[in-house]
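Student: Next come a sequence and a model predicted from it.
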Amino acid sequence: MEIEIVAEGLGFAEGPVAMPNGDIVTVDVRGGRLVRITPDGSTREIASPGGGPNGAAIGPDGALYVVNNGGFPWTERGGLFIPVDENGSTRPSGFDGGWVDRIDPETGEIDRLFDGLDGERFRGPNDIVFDRTGGFWFTDLGKSDARSVDRGSLFHARPDGTGLRRVAAGLLGPNGVGLSPDGGEVYVAETLTGRLLAWDVVGPGEVAGGPRILMATPDHFDSLAVEADGTVVVAAISHGLCVRRPDGEISHVEVPDFMTTNICFAGDDLRTAYITMSGSGRLGRVRWPRPGLRLAF
């Protein structure tokens, strides 16, 4: 696949969202901001929530819902900015937790929805997806240092600020989250294990049993997107994109960036894939071989 570079100078780009008018919104994790990109590549900042905005999705009201990891320390290595300090910690100085925002994509107005559950602050909210009931699933990856790693969680909540619940706990770096075409499965990609997990969804924010392992690879998984036929595409740091077909076949798509972090589908036929390349701060565009899944909103 030949990847066309749409925009540059996006910082540590993540969380691409296809807007109804054809624009793409990305978050800049390092810069603490959201950037709107037109099809011709022009860019403008639309909001600056600070911390580390990590994933975004359009809700039923047309607003952007953004999960924020609370920030990282950053180290430059070989021309790349890596979200870790020289001691191996991903906790920045003064860190007190992450949160979830509602952001108006036109005015940039920011309303905070949640910053924790039952008195416990979020450690690193990472990715988000809405279901057809109007609720959203999101992951909390957590933080780590040279001697310890947080166990992460999968949450579900409503965009009106109610219904927050922990769906699954004890996960090892839960990052990307997505839903099957029929909404009957929720997927989570674990960064630390390179595993793609799936739970059966039995109701809004409810799953049955423990997760199934759909694939396990040597990759460090980041965020993900789902195709219309149920194929799951996971950003696999150092190896571009990892593609898991419904029959279990696994393949890779090479991307010219060590820190490929996410993908979304756009266009009338949902076969235009936008890829965030965080190491170089770029957004790429490629014609995808199959249509992506049309999201709930």
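Tutor: Sure thing, it's come through. Numbers count the residues shown, from 1 in each chain.

Student: Can you tell me the strand partners of the worst-scoring helix or strand of the chain on mean pLDDT and which way each runs?
Tutor: Least confident helix or strand, the chain: strand 80-82 with a mean of 88, by mean pLDDT, DSSP states H and E. Neighbouring strands of strand 80-82 in its sheet, by DSSP bridges, are strand 75-77 (antiparallel).

Student: what about the closest residue to Phe95 other than its chain neighbours, distance to Val6?
Tutor: For Phe95, ignoring the flanking residues on the chain, the nearest one in space by CB to CB, 6 or more residues apart in numbering is Gly70 at 5.8 Å. For the C-beta atoms, the positions are set from N, CA and C on the backbone; glycine is no exception. Relative to Val6, Gly70 is positioned 29 Å away (criterion: CB to CB, to the nearest Å).

Student: who's more crowded, these two?
Tutor: When neighbours are counted by other CB atoms under 10 Å, Gly70 and Val6 differ, and Gly70 comes out ahead with 23 against 19.

Student: Model confidence for Gly209, exactly?
Tutor: Gly209 carries a pLDDT value of 89.

Student: dump the residue contacts of it.
Tutor: Trp199, Asp200 (CB atoms under 8 Å, 6 or more residues apart in numbering).

Student: Look up how far Ile82 lies from it.
Tutor: Taken as CB to CB, the span from Gly209 to Ile82 is 37 Å.

Student: Quick check: which element contains Ile5?
Tutor: If you go by DSSP states H and E, Ile5 is part of strand 4-7.

Student: mind checking how far that strand is from the chain centre?
Tutor: Taking the mean of its C-alpha atoms, strand 4-7 sits 20 Å from the chain's own mean (CA atoms, centre = their mean, to the nearest Å).

Student: Could you pull up the mean pLDDT of the helix or strand that it is followed by?
Tutor: For strand 4-7, the following helix or strand on the C-terminal side (DSSP H and E) is strand 13-18. Across strand 13-18, pLDDT averages out at 98.

Student: what comes into contact with strand 13-18?
Tutor: Under CB under 8 Å, 6+ apart, the answer for strand 13-18 is 24-29, 35, 53-58, 64, 66, 127, 223, 261-266, 274-278, 281-283.

Student: now the helices: where do they sit in this protein?
Tutor: Under the criterion DSSP state H, the chain carries no helices.

Student: need the longest strand for it.
Tutor: Criterion DSSP state E: the longest strand present in the chain is strand 206-216.

Student: May I have the strands that pair with that strand, each with its orientation?
Tutor: Applying DSSP bridges, one finds strand 206-216 paired with strand 195-203 (antiparallel).

Student: before we move on, back to that, please give me every residue in contact with the residue nearest to Phe95.
Tutor: Counted by CB under 8 Å, 6+ apart, Gly70 has contacts Gly51, Gly52, Pro92, Phe95, Asp96, Gly97, Gly98, Trp99, Phe122, Arg123, Gly124, Pro125.

Student: when you check those residues against the strands, which ones overlap?
Tutor: Short answer: the contacts of Gly70 in strands (DSSP E) are Trp99, Pro125.

Student: In the contacts of Gly70, which residue is surrounded by the most others?
Tutor: Pro125 leads these on contacts (other CB under 10 Å) with 31 neighbours.

Student: what residues are up against the closest residue to it other than its chain neighbours?
Tutor: Closest residue in space to Pro125, ignoring its immediate chain neighbours: Val67 at 3.6 Å, by CB to CB, 6+ apart. Applying CB under 8 Å, 6+ apart to Val67 gives the contacts 53-56, 98-100, 125-128, 138-139.

Student: okay if I get the residues you listed as JSON lines plus distance to Glu14 and pLDDT?
Tutor: JSON lines is the format used below for the contacts of Val67 (distance: CB to CB, whole Å; pLDDT from 0 to 100):
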{"residue": "Pro53", "distance to Glu14": "8", "pLDDT": "98"}
{"residue": "Asn54", "distance to Glu14": "6", "pLDDT": "98"}
{"residue": "Gly55", "distance to Glu14": "7", "pLDDT": "98"}
{"residue": "Ala56", "distance to Glu14": "8", "pLDDT": "98"}
{"residue": "Gly98", "distance to Glu14": "14", "pLDDT": "98"}
{"residue": "Trp99", "distance to Glu14": "16", "pLDDT": "98"}
{"residue": "Val100", "distance to Glu14": "15", "pLDDT": "98"}
{"residue": "Pro125", "distance to Glu14": "12", "pLDDT": "98"}
{"residue": "Asn126", "distance to Glu14": "9", "pLDDT": "98"}
{"residue": "Asp127", "distance to Glu14": "9", "pLDDT": "98"}
{"residue": "Ile128", "distance to Glu14": "11", "pLDDT": "98"}
{"residue": "Phe138", "distance to Glu14": "14", "pLDDT": "99"}
{"residue": "Thr139", "distance to Glu14": "13", "pLDDT": "98"}
